[in-house]
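A.B. asks: Here is my input, please return the structure:
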Amino acid sequence: MATFGRYLFFMASMFVNRERFSVYMKLVIEECIKIGINSVFIVSIVSSFMGAVTAVQTAFNLISPLIPLYIIGQIARDIVILELAPTVICIVLAGKVGSNIAGELGTMRITEQVDALEVMGINSASYLVLPKIVAAMLMIPMLVVLAGFLGMMGGYLAGTLGQLLTETEYIKGIRTDFNSFTVTFALIKAVVFAFLISSISAFKGYYTSGGALEVGQSSTQAVTSSCIAILLGDYFLAQLLMG
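C.D. replies: Modelled structure (predicted):
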């Protein structure tokens, strides 16, 4: 509880003695490039293969001749949109983005760069952390949308090239009984997970003390805590919005 209370005070401190809006604009754009653009490759690879594996394994388990083959596309669509794109991709980003945020802030703390900002009268929490959180909440939902599209494309390529089903059957499965709220639900999860990843990782890195060894430990704790928070948030959001 003490750690959670410290986390809440840390979040509140970012909105005190803020800098000018133009300063944050430049910082947010820089963080968007580091968080979003630099993560496109890993997100593309992971999501494409997840969609392909989902289609192949679904086809392998549909052994009954009474089940139409277009169900493969329908199942792949729902799994990719509801879970694989938002949850699994955010866990991957917790490892890439979260460890980077914690390591960067931890290094700045032990090299006294954070203290130098405080001496200059700058709110270091707001200046260093707020742009990272805003950028994560802007870019991670975009990455989730990209992951959803590539996941379904991966399933399409695996299904058609592997002759598991025809192109028409896969597209029919994607279109059959489509519920648009699943996309809204995925985007809500992406925004929440983006906030959890960026804020928890920044909290762990900001309060690093010691030396280089402690920076590595903070990065590890940031990834672990972010993954646990994502899984808990996934469960509670599912109960709240779809229960």
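
A.B. asks: Quick check: what element follows the lengthiest helix in the chain along the chain?
C.D. replies: Assignment by DSSP state H gives helix 124-161 as the longest helix of the chain. Downstream of helix 124-161, the next assigned helix or strand under DSSP states H and E is helix 167-175.

A.B. asks: So which residues of this structure form helices?
C.D. replies: Here the chain has its helices, by DSSP H, at 2-13, 21-35, 40-61, 71-79, 89-93, 99-110, 113-119, 124-161, 167-175, 181-206, 212-242.

A.B. asks: roughly how far apart are the closest residue to residue 226 other than its chain neighbours and residue 190?
C.D. replies: Counting by C-beta to C-beta, 6 or more residues apart in numbering, the nearest residue to residue 226 once its immediate chain neighbours are dropped is residue 94, at 4.0 Å. C-beta: built from backbone N, CA, C; applies to glycine. For residue 94, the distance to residue 190 equals 13 Å [C-beta to C-beta, to the nearest Å].

A.B. asks: hang on, the earlier thing: return the most buried member of the helices of the chain.
C.D. replies: For the helices of the chain, average neighbour numbers computed from mean count of other C-beta atoms under 10 Å are highest in helix 89-93, which has a mean of 24.

A.B. asks: That one: how far from the chain's middle?
C.D. replies: Taking the mean of its C-alpha atoms, helix 89-93 sits 5 Å from the chain's own mean (C-alpha atoms, centre = their mean, to the nearest Å).

A.B. asks: Please name every helix or strand in contact with that helix.
C.D. replies: Identification of packing neighbours for helix 89-93 by 3 or more C-beta pairs under 8 Å, 6 or more residues apart in numbering; DSSP states H and E yields helix 40-61, helix 124-161, helix 181-206, helix 212-242.
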